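Asks: Just need the structure, nothing else, for what follows:
(2 chains)
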There are 2 protein chains.
Amino acid sequence: MNANTYAVILAGGRGERFWPLSTSRRPKQLLALVGRRALLTDAVYRIRAIIPEKRILVITSADLHAAVCHLLPGLPKVNVIGEPCGRDTAAAITLAAALIKARNPNAVFCVLTADHVVGNAAVFRRTLKESFARAAAADVLVTIGLKPAFPSTGFGYIETGGRLAGPTKTVFYRVRRFVEKPNERIAARYVKTGRFYWNSGMFIWSLSAWERALRRHCPPLARLLDTLTPLAGRVGFYAALKRAYAGLEKISVDYAVMERADNIVMVEGAFPWDDVGSWSALEQHFPKDGHGNVVVGNGELMESSGNIVVADNGLVALVGVDNMVVVKAGAVTLVCRKDRSQEVKRMVEKLRRRRDAHPWL
Amino acid sequence: MNANTYAVILAGGRGERFWPLSTSRRPKQLLALVGRRALLTDAVYRIRAIIPEKRILVITSADLHAAVCHLLPGLPKVNVIGEPCGRDTAAAITLAAALIKARNPNAVFCVLTADHVVGNAAVFRRTLKESFARAAAADVLVTIGLKPAFPSTGFGYIETGGRLAGPTKTVFYRVRRFVEKPNERIAARYVKTGRFYWNSGMFIWSLSAWERALRRHCPPLARLLDTLTPLAGRVGFYAALKRAYAGLEKISVDYAVMERADNIVMVEGAFPWDDVGSWSALEQHFPKDGHGNVVVGNGELMESSGNIVVADNGLVALVGVDNMVVVKAGAVTLVCRKDRSQEVKRMVEKLRRRRDAHPWL
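Replies: Okay, here's the model as predicted:
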């Protein structure tokens, strides 16, 4: 693709939902949860076939900077940026935009997630390529929507309007609105209409379109862009970043821009996709034994069914246990009912309040 | 007590029921399962107030000899005997009897368990003292019976006949018969009669009474006694023991002698007693939290009730889990339904057939 294309990978997660395997020092995106490689490595490998590594930027937290550089030796070190603190996705994208603007004011960039599973890289790349072309040609914000597999209450939704004309089989839609995570009843209604898509958190737009959107919908981030761009690659950059971030409120890209903008276009991501949102999601990615158990690592199960067992070393043994998540990682074992694996996050929050829990988080 | 009294503690368990905390190298009797000291140490401390350590013998397996000596520095090393292989309780008692006979042919000895919990040491010792007196005075086999707390199917039972006259408040009974572990229906009937007691596996008799019982009911063990006695303390002892044991069949004291002898007397053990037979037994020995959980070591429980959690180090975290046993020990985590904790033994047997499981057993 042409030299104006850049990729920004957001890799700032805190590692709560896959605790105790994921921790603050080794969050989900750094884990090989599903395949042989870390999810972040997969994300880079998936895109580098169309965008060279010198134009791939990874935004992570300062704590993880060294680990991410180590994981991605092919990426120039200056392309890995550690945020001094988390200010949510709109700030992270703006930080990346400043660095890109300093290199190439005519850039078009995609924003990608670091911790999702994408099934068909060829379709994924084709979708991106055509989105890049559309974003380069007009002042639009392209978002990748995913056909809902079920009425999830865990995702935001995109309501589409009419189809847009296009030369290829990749389908673009007008967007009526972005909506936040619905309750079950509303989610069911959304899915029934056929017009609603899951918000994947992946976007494609030109630098100038992003800049315009910020000036219109989120002036504090427009100012962040103005502050950081002239400092890119200079000595004072990280100090300025720290100062600027300190004064920012946390705001997601959905809330800051996507729910407000009127120039959004959705492209259907016709590739298998999963956000691997909690331990129970592993069931989709691993084969099951004859009793519906998924066992990763050394497990020995007796009269047990429907479990997800993960052992990073040693052994997990189950006797007469059904529908549980059992994870042994380092010095910690988690046992959680499978239908409550979303609540692992709450357990991590609970442990944060314990003084002695630091080594386990 | 007089210099003819000896104590034999049988400490040969294989550590299956409290796996993974207990292992073949550190079976139950070596663990501080309930108090601060190993169960075996407690067993020795309980008796040494009336029998000095030089007259306490511990029969264990050869594998555990060093560990037992280390645990019991007050015991003369020659009093800890490691069996070359397990031949069940009748052989172990006979081995001890041979060593005692070589020291004192007029001995009276008690046979005690190494891995049970006894609640009132004073009553326990009074029971033993009076049993020693009775065993010294007549050719009887005294057995300690325990008033059944519930219709257990896990113990053998002793059916008593009439009360025997005695000068003290310790009560002795004639014994009608020893019966093996009953099924639930029969156990309930036993308990209802008021005549049946649990067989504790603790006995008191004179050397000569034991010898007579062997000659009458179990000639192979009478021969073992004859073989080993002259070798006690000599160089060839362990080699002879190994040879003799190799040819023996496994036979329990109940089956070899108690179910056959007609000179048995039962003394009621009027002290709190528990054989701590499986993980679920811990509930009786530890305080529970407000949701009926027993937590030993570092646990963090969220919306979980009725569990038994043991963490030898690190952390066990539970989310929405009820009535489970969760044990983290070394590199192994066991999760087992609480009402099936007797089946942990079967899990260990299953693992024995796995080639890579050796380090975990």
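
Asks: these two touch, right, A:Ala114 and A:Leu31?
Replies: No: at 10.9 Å, A:Ala114 and A:Leu31 do not qualify as touching, with contact defined as Cβ atoms under 8 Å. Bear in mind the C-beta positions are built from the backbone N, C-alpha and C, glycine included.

Asks: Looking at the two, which has the bigger crowd around it?
Replies: For the pair A:Ala114 and A:Leu31, the greater number of neighbours falls to A:Ala114 (24 against 20), based on other Cβ atoms under 10 Å in any protein chain shown.

Asks: who's in contact with the closest residue to A:Gly15 other than its chain neighbours?
Replies: Among residues not flanking A:Gly15 along the chain, A:Pro27 sits closest, at 3.0 Å (Cβ to Cβ, 6 or more residues apart in numbering or on different chains). The contact partners of A:Pro27, taken as Cβ atoms under 8 Å, 6 or more residues apart in numbering or on different chains, are A:13-15, A:64, A:115.

Asks: and with 7 Å instead?
Replies: Applying Cβ atoms under 7 Å, 6 or more residues apart in numbering or on different chains to A:Pro27 gives the contacts A:13-15.

Asks: Also A:Leu248?
Replies: A:87, A:91, A:220, A:224.

Asks: go with 6 Å
Replies: Contact analysis of A:Leu248 by Cβ atoms under 6 Å, 6 or more residues apart in numbering or on different chains lists A:87, A:91.

Asks: Also A:Tyr245?
Replies: Neighbour list for A:Tyr245: A:84-85, A:87 [criterion: Cβ under 6 Å, 6+ apart].

Asks: what about the helix or strand hosting it, average pLDDT?
Replies: Using DSSP states H and E, A:Tyr245 sits within helix A:237-246. When pLDDT is averaged along helix A:237-246, the result is 96.

Asks: how about the helices in the stretch 1-150 of chain A?
Replies: Taking DSSP state H, counting those that start in this stretch to define them, one finds helices in the stretch 1-150 of chain A at A:39-48, A:65-71, A:88-103, A:121-137.

Asks: neighbours around A:Pro20, how many?
Replies: Using other Cβ under 10 Å: A:Pro20 sits among 25 other residues.

Asks: A:Lys169 now?
Replies: With other Cβ under 10 Å as criterion, A:Lys169 counts 8.

Asks: would you turn the contacts of A:Pro27 into TSV with pLDDT, distance to A:Gly194 and neighbour count?
Replies: Below are the contacts of A:Pro27 laid out as TSV (pLDDT from 0 to 100; distance: Cβ to Cβ, whole Å; neighbours: other Cβ atoms under 10 Å in any protein chain shown):
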residue	pLDDT	distance to A:Gly194	neighbour count
A:Gly13	79	32	23
A:Arg14	79	35	18
A:Gly15	72	36	22
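
Asks: right, and out of those, which lies closest to chain B?
Replies: Nearest to chain B among the contacts of A:Pro27, counting by Cβ to the nearest Cβ, is A:Gly15 at 14.7 Å.

Asks: quick one: contacts for that closest one?
Replies: Contacts for A:Gly15 (Cβ under 6 Å, 6+ apart) come out as A:22-24, A:27-28.

Asks: and with 10 Å instead?
Replies: A:21-31, A:64, A:115, A:348, A:361 (Cβ atoms under 10 Å, 6 or more residues apart in numbering or on different chains).

Asks: again with A:Thr168
Replies: Taking Cβ under 10 Å, 6+ apart as the test, what A:Thr168 contacts is A:126, A:129-130, A:133.

Asks: and it, what element?
Replies: Short version, using DSSP H and E: A:Thr168 is in no helix or strand.
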